[in-house]
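A.B. asks: Any chance you could fold what I've pasted below:
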Amino acid sequence: MARVVVFVPDLLFGSRVLEAVRAGGHEPVAVSDLAGLTTAAPGAGALVVDLTFDADARIEWVAGLGAVAPPVLAFYSHVEADVRERAQAAGFALVVPRSRMAREGVDLIARAVGSVPGPDLE
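C.D. replies: The predicted structure is shown next:
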């Protein structure tokens, strides 16, 4: 079981992500801002980051972690393909549309923490 830090300020969708973490057998830790993410990230098995709001600051924060960053699973609005490209360039492990996160959350989280091997995702 890994500790998975979840930074999804949208309460409704955030609760779905937290449930996906639990359903995958991991320990969810919810944070509500970048300060909380900074505090909770050390030692995490993975981070789940919502890029549908304030993507630039969140991408910059993860990029600032460098080699010490745990794997990062992020999701974005499907109409903002540039966000996906910037997140991948910053070293995010998995970057998927929000709709895919909603459908495949448990599997994506398992991939992020290394529980399920497989090819790189989009």
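A.B. asks: alpha carbons only for contacts and neighbour counts from here, please
C.D. replies: OK.
A.B. asks: what residues are up against Val62?
C.D. replies: Val62 makes contacts with Ala69, Ala90, Gly91, Phe92, as judged by CA atoms under 8 Å, 6 or more residues apart in numbering.
A.B. asks: you'd agree the third one is up against Ala63?
C.D. replies: By that I understand Gly91. Yes: between Gly91 and Ala63 there is a contact under CA atoms under 8 Å: 6.7 Å.
A.B. asks: Farthest pair within the contacts of Val62?
C.D. replies: Ala69 and Ala90 (11.0 Å; CA to CA).
A.B. asks: hmm, back to that, can I get the contacts of Val62 in TSV with distance to Ala46?
C.D. replies: As requested, the contacts of Val62 are exported to TSV (distance: CA to CA, whole Å):
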residue	distance to Ala46
Ala69	9
Ala90	16
Gly91	13
Phe92	11
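A.B. asks: Just send the residues you listed back as a markdown table, with pLDDT, distance to Arg100 and neighbour count too.
C.D. replies: Output for the contacts of Val62, formatted as a markdown table (pLDDT from 0 to 100; distance: CA to CA, whole Å; neighbours: other CA atoms under 10 Å):
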| residue | pLDDT | distance to Arg100 | neighbour count |
| --- | --- | --- | --- |
| Ala69 | 84 | 23 | 19 |
| Ala90 | 92 | 21 | 17 |
| Gly91 | 90 | 20 | 18 |
| Phe92 | 92 | 16 | 23 |
